[in-house]
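> how would this look folded up:
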Amino acid sequence: MQRGAVTPVNPNMKRLSLTLSESSSIPKTLVQLGSRVGQDGYITLGWQASGEVIGSPIVAGHTVYSVNHNTGMFYALNLSDGTTRFSLSVGKTSRFITPTPANGYIFIGTLNGIVALSAA
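Below is the predicted model of the structure:
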């Protein structure tokens, strides 16, 4: 196995074999949210969001933010367990929408303009 490579251990990919060294070019943060790396070097799934949360996620504070571009729903998930803190319809967005955190707000570009939500 090439150093830094990720290799599936079982067909449903719930467990991955991961070998990283100090000189590896793969960032050590390349682990799914909530995942745990055990003493045996295996990554185990910590949590997975529901099928409705399909957008590119960002993390700000202790919250994961994502927008479903198909439905226009914005999701705020608890970082530690993936439960939905709240969700809100922001309207139609493009396929490549990614929320942006800044100055206590989460900014979301929609097809009708920019939506700013308070992150507090």
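> Tell me where the chain has strands.
Taking DSSP state E as the criterion, the chain carries its strands at 6-8, 15-18, 36-37, 42-44, 58-60, 63-68, 73-78, 84-89, 100-102, 105-110, 113-118.
> got TSV for these, with mean neighbour count, distance to residue 52 and mean pLDDT too?
(Each C-beta comes from the backbone N, C-alpha and C, glycine too.) Conversion of these to TSV gives the following (neighbours: other Cβ atoms under 10 Å; distance: least, Cβ to Cβ, whole Å; pLDDT from 0 to 100):
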stretch	mean neighbour count	distance to residue 52	mean pLDDT
strand 6-8	12	26	43
strand 15-18	17	25	42
strand 36-37	12	25	68
strand 42-44	15	24	75
strand 58-60	15	17	92
strand 63-68	22	6	94
strand 73-78	21	7	94
strand 84-89	12	8	94
strand 100-102	14	21	94
strand 105-110	18	16	94
strand 113-118	13	18	93
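> can you tell which of the ones you listed is closest to residue 51?
Closest to residue 51 of the strands of the chain is strand 63-68 (Cβ to Cβ; 9.6 Å).
> How about residues contacting the closest one?
33, 49, 52-59, 73-79, 82, 85, 90, 93, 97-99, 101, 106, 108, 119 (Cβ atoms under 8 Å, 6 or more residues apart in numbering).
> okay, now the domains of the chain?
Here the domain parsing of the chain from automatic domain parsing is 1-46, 58-118.
> got the end-to-end distance for stretch 81-101?
Across its full length, stretch 81-101 reaches 21 Å end to end, with Cα to Cα, to the nearest Å as the criterion.
> Need the residues that contact that stretch.
By Cβ under 8 Å, 6+ apart, the list of residues contacting stretch 81-101 from outside reads 33-34, 46-50, 55-56, 58, 60, 63-67, 69, 71-78, 106-112, 115, 117, 119.
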